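J.: based on what follows, work out the 3D shape:
(2 chains)
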Amino acid sequence: MIVDLAQSVSTGEAIAFWILAPLALGGAIGLVLARSAVHAALMLAVTMIALAVCYIMQSAPFLGFVQIMVYTGAIMMLFLFVLMLFGRDSKDSMFETLRGQRFFAVCLGVGLAALLAAGLAHAVTGLTIAEGPPGAAGAAGDSSNVAAVAESLFTTYIFPFEVIAGVLTVSAVGALMFTHVTRKGDVRGQKQASRERFAPGNYPGPLPGPGVFATSDSTATPALLPDGTVEQQSLSEYVPPRQLTPAEAAPKPTEGRDER
Amino acid sequence: MNDPLWLMLVKGVAVFVVLVLLVLFTIWFERRVVAVMQVRPGPNRNGPFGLLQSLADGLKLAFKEDITPRTADKVLFIAAPLIAVTCAFTAFSVIPMGPEVSMFGQDTLLQLTDFEVSVLVVLACSAIGVYGIVLAGWSSGSTYSLLGSLRAAAQVISYEIALALAVLAVFFQSKLLSTGAIVDAQAEGIPFSIGSLELTLPGWYFLVLAPSFVIFVIAMVGETNRAPFDLPEAESELVAGFGTEYSSLKYASFFLAEYVNMVTMSALCVTLFLGGWAAPFPSSWWPAANEGWLPLVWFFGKVLAFLFLYVWLRGTLPRFRYDQFMRLGWKVLVPVSLVWLMVLAAMNIGLDTGNELPTRIAFAGGAAIVVMALIFFWPSRKPYDPPSEPDTGLGGFPVPPLDLTVPPSPRGLTELEPHETAAAHAGGEPATDPGTRDREPFSGSQATPKTKEE
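T.: Prediction:
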């Protein structure tokens, strides 16, 4: 039966299949074997795109492009977004957290594969090969792919569709609830920040930038070369050079009115 | 679309060449237009009007040293520009540039390919194109690049939603997802009559779907990472964003991808909202204007108008702050698009003459009520009421006291007599009382500058 099905595909479809299938499989295997989380996510994206192209080949272009847009474009991108925040050098730990985890994983994996294979075999036995392109024999009897998808989504599968929509909404709201943090105190507005900056006793100016070695931010303090001598270019011809006393060179705090 | 293979190849190469030439032209165009806006000449040395400037720059870029940082992830570092460029070029393949013409004795559409859902190709390509930018930032192993790519990811995802919702309105209106068919659907005008005056409005969707058009144009600028939304490569904050570690041809590929994306998005906007290759006047004026090769002029004219818009925005608007940008996307563009889609659906059901009269009235009236409610209850800004008395620093922002006198500079004090210096240091009193001081405090502006002759 499956052999018959395999022989019914056209040459172009067969070529595309033999290009796409290794890509999809390689992506799936790479996803499991990749050490870096970002590489694993990219492998998954490769698999998704290969599957999407398979859909397009099977005369379901709408499904294929929506798969690329939604899964690869939005959802995998969100995954990547989170993974990139972990830093580049974080690798998977090979330490087994649960005892015998690998053994059970292998057993369950083999079981799942057997289940899927049995289900697939059950599904394809007794199928007949349709004449003509699949779109003409589609569920809705309509040649339009979009209309067929829409019709089965909003008639046959309306209940699962609504349930999934509800679950997704609840989960989105739940995620918002988890990440929501009540702010402690009021928002420190621009006015408040400004008042604090000019409060009596505070130095209102900016501090020297990072990496700047400066004991003073006065223009009268000459720049020093690495050997400790004064850099002549930093001296103004109009300002008489003078070494300030430490008291003069220290940043001046704001003198508040209430101090007078 | 049943072209022979050789014709497909010819068209593919033609699309590639057209895009590359348009990119070279757009870079020159952008620099010249921005220069005019800033009252300076702009590039005018290489070739007539400096037209060859971008070619020269591109060649120079190609011959520069190609540096791969030691911390880079080598494979992804090379793959990222490839992904960006490939997706940018692929997206243009579904844009219709003209009607059916005879090419080498073969009747064919001026479009590389078209199928049932071809608009989605552009959206899918721009969705994958982001991977190029994001991976470029991540694989560079540099903080600036990573920050740029994080911004790019967040920005493109959020603006893609607004973009897709705007495109959805076009799907609603035309009930089509194919670029060529949408252009054809816009060809018919809308009959419109005021009293006895019979008019035919253009059927272009920018008129019928005006809110979607505005949202699309805003989102398309955000989607292509152009000013004022060019946060992923904000040079004042992130050096060059995701492209910081790139050099030579790889950097040039990102540049190429950005400009090709600009052209593609402009072309998509023209296709969806501005009638595609149709002439910008009623077809009864000049029937031959929409036949043969002539529509290429209209198409590229419209695309150039959009490219000018891009340059205009860049020349006039400052870059958004990141939180403002996100707020615009999520709190304005997306909700407005959603409400507009609902209104549009209700109006379409209401105007459908196949429905019963109560249904039509209910839907059209409901849509009208929603629009009116939005207009009336749109939260307006709190109006600014000017303060009744001047702000002395106690009630509002701290300001210097209005009777402030400048205290003497320590540098000026050196030339004073020792006892006066001591008095000046004793407290704030001498500074506020000019009588105890016999000269003005020394300040830089009072110095007489030495002239060069001295």
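J.: okay, now residue B:234: neighbour count?
T.: 20 (other C-beta atoms under 10 Å in any protein chain shown). C-beta here means a position set from N, CA and C on the backbone, and glycine is covered the same way.
J.: need the contact list for it.
T.: By C-beta atoms under 8 Å, 6 or more residues apart in numbering or on different chains, the contact set of residue B:234 is B:148, B:241, B:319.
J.: name the SS class of residue B:109, please.
T.: strand (DSSP: H, G, I helix; E, B strand; the rest coil).
J.: quick one, what contacts whichever residue of the stretch 1-150 of chain A sits closest to chain B?
T.: Across the stretch 1-150 of chain A, no residue is closer to chain B than residue A:73, which sits at 2.5 Å (C-beta to the nearest C-beta). Going by C-beta under 8 Å, 6+ apart, residue A:73 touches B:123, B:124, B:126, B:127, B:128, B:130, B:157, B:160.
J.: also residue A:197?
T.: residue A:204 are the contacts of residue A:197 under C-beta under 8 Å, 6+ apart.
J.: measure it to residue A:206 for me?
T.: Here the criterion is C-beta to C-beta, to the nearest Å. By it, residue A:197 lies 10 Å from residue A:206.
J.: sorry, back to before: in JSON lines: the contacts of residue B:234, plus neighbour count, secondary structure and distance to chain A.
T.: Formatted as JSON lines, the contacts of residue B:234 follow (neighbours: other C-beta atoms under 10 Å in any protein chain shown; DSSP: H, G, I helix; E, B strand; the rest coil; distance: C-beta to the nearest C-beta, whole Å):
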{"residue": "B:148", "neighbour count": "29", "secondary structure": "helix", "distance to chain A": "11"}
{"residue": "B:241", "neighbour count": "26", "secondary structure": "helix", "distance to chain A": "14"}
{"residue": "B:319", "neighbour count": "16", "secondary structure": "coil", "distance to chain A": "20"}
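J.: can I get those residues in TSV with distance to residue B:2 and pLDDT?
T.: Converted to TSV, the contacts of residue B:234 look like this (distance: C-beta to C-beta, whole Å; pLDDT from 0 to 100):
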residue	distance to residue B:2	pLDDT
B:148	45	84
B:241	44	78
B:319	48	85
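J.: can you tell me which of these is nearest residue B:23?
T.: Checking the contacts of residue B:234 against residue B:23 with C-beta to C-beta, the nearest one is residue B:241 at 19.8 Å.
J.: tell me the contacts of the residue nearest to the closest one when sequence neighbours are not counted?
T.: In space, and not counting its chain neighbours, residue B:241 is closest to residue B:148: 2.9 Å by C-beta to C-beta, 6 or more residues apart in numbering or on different chains. Neighbouring residues of residue B:148 by C-beta under 8 Å, 6+ apart: B:133, B:137, B:232, B:233, B:234, B:238, B:240, B:241, B:242, B:243, B:244.
J.: so which of those residues is the closest to chain A?
T.: Nearest to chain A among the contacts of residue B:148 is residue B:137, at 7.9 Å by C-beta to the nearest C-beta.
J.: quickly find the element holding that closest one.
T.: Using DSSP states H and E, residue B:137 sits in helix B:119-139.
J.: give me the number of residues near the residue in chain B positioned nearest to chain A?
T.: Proximity of chain B to chain A (C-beta to the nearest C-beta) peaks at residue B:127, 2.5 Å away. Using other C-beta under 10 Å, residue B:127 has 26 other residues around it.
J.: same check, this time on residue B:187
T.: Neighbours of residue B:187 under the rule other C-beta under 10 Å: 15.
J.: assign it to helix, strand or coil.
T.: On the three-state scheme (three-state DSSP), residue B:187 is labelled coil.
J.: so who does it touch?
T.: Contacts here follow C-beta under 8 Å, 6+ apart; on that basis residue B:187 touches B:203, B:275, B:278, B:283, B:290.
J.: flag the least confident of those residues.
T.: Of all the contacts of residue B:187, residue B:283 carries the smallest pLDDT score, 69.
J.: sorry, back to before: just the ones in helices from the contacts of residue B:148, please.
T.: Mapping the contacts of residue B:148 onto helices (DSSP state H) picks out B:133, B:137, B:238.
J.: so how far is residue A:38 from the second one?
T.: Counting by C-beta to C-beta, the gap from residue B:137 to residue A:38 is 11 Å.
J.: of the two, who's got more company?
T.: The neighbour count for residue B:137 versus residue A:38, taken as other C-beta under 10 Å, is higher for residue B:137 (31 against 21).
J.: thought that one was touching residue B:241?
T.: Yes. Counting by C-beta atoms under 8 Å, residue B:241 is a contact partner of residue B:137 at 7.3 Å.
J.: for the stretch 101-250 of chain A, give me the ranges with low pLDDT.
T.: A:128-143, A:208-220, A:240-244, A:249 (pLDDT under 70).
J.: what about 90?
T.: For the stretch 101-250 of chain A, applying pLDDT under 90 flags the ranges A:101-105, A:120-156, A:172, A:175-250.
J.: again, but for the stretch 1-150 of chain B
T.: B:1-12, B:14-15, B:38-39, B:41-55, B:57-59, B:61-62, B:64-77, B:91-121, B:123-150.
J.: ranges for the strands of it?
T.: Applying DSSP state E, counting those that start in this stretch to the stretch 1-150 of chain B gives strands spanning B:98-103, B:106-110.
J.: who wins for neighbours among the contacts of residue B:187?
T.: Using other C-beta under 10 Å as the neighbour criterion, residue B:275 leads the contacts of residue B:187 with 25 neighbours.
J.: let me see the domain layout of the chain.
T.: The chain I'm using is chain A. Domains of chain A are assigned by automatic domain parsing as A:7-87, A:142-176.
J.: let's do chain B instead
T.: Here the domain parsing of chain B from automatic domain parsing is B:66-281+B:292-320, B:322-380.
J.: the last one and chain A in contact?
T.: Pointing back at domain B:322-380 there. No. On the criterion C-beta under 8 Å from any C-beta of the partner chain, domain B:322-380 is out of touch with chain A, staying 12.6 Å away.
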